[in-house]
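[1] give me the fold of what follows.
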Amino acid sequence: MMIDTIDVVYDACVLHSGSLRDLLLNIAASEEICPHWSNEIHEEWIGSLLRRRPNSNRESLARTRQRMDAEFEGSLTKGYEFLVPTLTLPDPKDRHVLAVAILTRSSWIVTFNLNDFPNAVLQHYGIESLSPDEFIFRLLQEAPHLVLRAVRNHRLCLKNPPKTSAEYLATLEKQGLPKTVTFLREHEENV
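    Numbering: from 1, shown residues only. Prediction:
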């Protein structure tokens, strides 16, 4: 089954981890998911990563950012700033993420910070916040071939070190994807 193209905003917290970011980008490479972010979202995930891992290389992270923007043409969203002051969220610092979602007509904001994006507020804009686990699990329900292909491609790209499917699934579990991993374990021959 094919799904219509779905626009989603990836919050900074889901781009922070290289493993999760790469999986989400592999899923988006299917061209059935159109990811969105902004320079502000980029600065958040890069800044957070540099604070948590001071030995991280800013130049390397900047290259990752540039590759993301180049590979997913149109994903870098600009011109949303006028919306920010009109929005209300529990944490005012998150309003820019909602503004990007509104401007891009995204269906979902993929975030670990679900309390910062209450669906009672987002529904007014036709947007829903989903954890990465729920996001991927929903895609598995709608188009398992899409996600299984992305997962397999992602795992096979890992060269330093390469991972068996069991090792790869253990990594995903550590990333907070228990429902996704349960599904994938049932289809491990495709991982």
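[2] show me this protein divided up by domain.
    For the chain, automatic domain parsing gives the domain ranges 6-136, 149-190.
[3] ignoring the adjacent residues along the chain, who's closest to residue 37?
    Distance criterion Cβ to Cβ, 6 or more residues apart in numbering; nearest residue to residue 37, sequence neighbours excluded, is residue 10 at 5.6 Å. For every residue, glycine as well, the C-beta is placed using N, CA and C.
[4] wait, that neighbour touches residue 38, no?
    No - proximity of residue 10 to residue 38 does not meet the contact threshold set by Cβ atoms under 8 Å, at 10.3 Å.
[5] neighbour count for these two, which is higher?
    Neighbours per residue (other Cβ atoms under 10 Å) separate residue 10 from residue 38, with residue 10 holding more: 29 against 23.
[6] the residue nearest to residue 37: what's it in contact with?
    21, 24, 35-37, 41, 110 (Cβ atoms under 8 Å, 6 or more residues apart in numbering).
[7] how close does the spatially most central residue of the chain get to residue 85?
    Centroid check for the chain by Cα atoms, centre = their mean gives residue 10 as the closest residue, at 4.1 Å. In this view, residue 10 and residue 85 are 23 Å apart by Cβ to Cβ, to the nearest Å.
[8] what does stretch 49-68 contact?
    For stretch 49-68, contacts defined as Cβ under 8 Å, 6+ apart pick out 16, 21, 25, 37, 42, 46, 75.
[9] state the phi and psi torsions of the first one.
    The phi and psi values for residue 16, taken as degrees, to the nearest 10, are phi -60, psi -50.
[10] that one contacts residue 41, doesn't it?
    No - applying Cβ under 8 Å, one finds residue 16 not in contact with residue 41, separated by 10.7 Å.
[11] neighbour count winner among the two?
    Higher neighbour count among residue 16 and residue 41: residue 41, with 23 against 18, using other Cβ under 10 Å.
[12] list the contacts of that one.
    Residue 41 sits next to 9-12, 15, 96-97, 100 when contact means Cβ under 8 Å, 6+ apart.
[13] can you report how many residues neighbour residue 30?
    Neighbouring residues of residue 30 were enumerated by other Cβ under 10 Å; the total is 17.
[14] please disregard the earlier target; I meant residue 139.
    So residue 139, with other Cβ under 10 Å, has 20 neighbours.
[15] spatially, what comes nearest to it if we skip its sequence neighbours?
    Spatially, and ignoring its direct neighbours in sequence, residue 139 is nearest to residue 147 (5.0 Å; Cβ to Cβ, 6+ apart).
[16] roughly how far does the one you found sit from residue 121?
    28 Å.
[17] again with residue 136
    For residue 136 relative to residue 121 (Cβ to Cβ), the value is 24 Å.
[18] neighbour count winner among those two?
    Comparing residue 136 with residue 121 by other Cβ under 10 Å, the one with more neighbours is residue 136, at 26 against 15.
[19] what about the helices in this protein?
    Shown for the chain, the helices assigned by DSSP state H span residues 12-15, 18-28, 39-52, 58-71, 95-103, 119-122, 132-142, 144-157, 165-174, 178-186.
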